[in-house]
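Asks: have a look at this fold, sequence not included:
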C-alpha cells in the first residue's frame, strides 16, 4: 500500500505515552510513512505477528516488560532480528546505559537513538540515514 507521497514503508511505534505516540505518529505520517502504534511489548508482539515493519521505534522506559529486555528479544529472534530499531528515551543517560548493557550481552546495537523531547530534524535525519527516505 503506497500513500500519497509514494512511500510504502511502515513504522511500528512502541510507546506507552499516548500523547508522545500521537505526536510521533503525526510526524512520521507527515513524512509519508504508514504508522502502527503498540502501547507495550505485548501489543508490539501481536503487531509483529501480523506484519514486518521497515523500522521500529522503541521507548526504553515502559511499564511491564522494559524496553531493554524487549529489545534483546527482538534482536535474538530470527524473524525480527534484522528490523532496524531506533531507541527513543526521555532520559539522557538511558541511551548510554542501554548501549553498555547491549554491548556486554553481545547484541547488535540499535540503528539510532533519539531523546525526548523529540527534535524533528534529528528524527528526519535518522530516518533518512536508516531507510533512505
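Replies: Sure thing, it's come through. Remember, it's a predicted structure, so these values are computed and weren't measured experimentally.
Asks: can you give me phi and psi for the closest residue to residue 63 other than its chain neighbours?
Replies: Leaving aside its sequence neighbours, residue 63 sits nearest to residue 16 (C-beta to C-beta, 6 or more residues apart in numbering; 6.1 Å). No exception for glycine: its C-beta is placed from N, CA and C like everyone else's. The phi/psi pair for residue 16 (degrees, to the nearest 10) reads phi -90, psi -20.
Asks: also residue 70?
Replies: Dihedral angles for residue 70 - degrees, to the nearest 10 - are phi -70, psi -40.
Asks: contact partners for it?
Replies: 14, 41, 44, 58, 62 (C-beta atoms under 8 Å, 6 or more residues apart in numbering).
Asks: quick one: it and residue 87, what's the gap?
Replies: Distance, residue 70 to residue 87, using C-beta to C-beta, to the nearest Å: 11 Å.
Asks: if we can go back for a sec, the residue nearest to residue 63 contacts residue 41, correct?
Replies: No: the pair residue 16 / residue 41 is not scored as a contact, 9.7 Å apart, by C-beta atoms under 8 Å.
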